[in-house]
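Novice: for reference, the sequence and a predicted model appear below.
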Amino acid sequence: MEHDPDNPYSTYTHEGLPPGPIANPGVKSLDAVMAPSRSRYLFFVARGEGRHAFSETYESHVAAVRDAGARWK
């Protein structure tokens, strides 16, 4: 489907931007933006299997990124 020349949203077969939006946020996403939860976390990184590591400082974030990278190897 992504290489379908008849699909105007296929960036593999059509140059430039698609003719319209490629995604729309859901209600939960919009609610989260309008009323974000309070947190001291400033950074996050995916750890795999749908899990994330959240960090309060850049230094702990760098360590979490390094740890997550080791898991992907």
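Specialist: Received, thanks.
Novice: please verify my assumption that F54 contacts S37.
Specialist: No: contact criterion C-beta atoms under 8 Å: F54 and S37 do not qualify, at 11.7 Å. The way it works is simple: take the backbone N, C-alpha and C, and place the C-beta from them, glycine included.
Novice: if you count surrounding residues, which of the two has more?
Specialist: Using other C-beta atoms under 10 Å, the more surrounded residue of F54 and S37 is F54, with 14 against 6.
Novice: any idea how far the more buried one lies from G48?
Specialist: Distance, F54 to G48, by C-beta to C-beta, to the nearest Å: 15 Å.
Novice: who's in contact with stretch 50-69?
Specialist: Residues outside stretch 50-69 that contact it (C-beta atoms under 8 Å, 6 or more residues apart in numbering) are 39-48.
Novice: show me which pair in those is furthest apart.
Specialist: The distance between the two most remote of the contacts of stretch 50-69 (C-beta to C-beta) is 24.0 Å, for R40 and G48.
Novice: tell me, which helix in the chain spans the most residues?
Specialist: helix 58-72 (DSSP state H).
Novice: for that one, what does the pLDDT average out to?
Specialist: Here helix 58-72 scores 89 as its mean pLDDT.
Novice: and stretch 31-43, end to end?
Specialist: 21 Å (C-alpha to C-alpha, to the nearest Å).
Novice: list the contacts of it.
Specialist: In this structure, residues lying in contact with stretch 31-43 by C-beta under 8 Å, 6+ apart are 25, 54-58, 60-61, 64.
Novice: can you say which of these are buried?
Specialist: Among the contacts of stretch 31-43, those classed as buried by 16 or more other C-beta atoms under 10 Å are 55, 61, 64.
Novice: does the spatially most central residue of the chain belong to a helix, a strand or coil?
Specialist: Using C-alpha atoms, centre = their mean, the residue of the chain that lies closest to the mean C-alpha position is A46, 9.1 Å off. At A46 the chain is in strand, as set by DSSP: H, G, I helix; E, B strand; the rest coil.
Novice: how about the nearest residue to it, chain neighbours excluded?
Specialist: Distances taken as C-beta to C-beta, 6 or more residues apart in numbering put H52 closest to A46, at 5.7 Å, once the chain neighbours are dropped.
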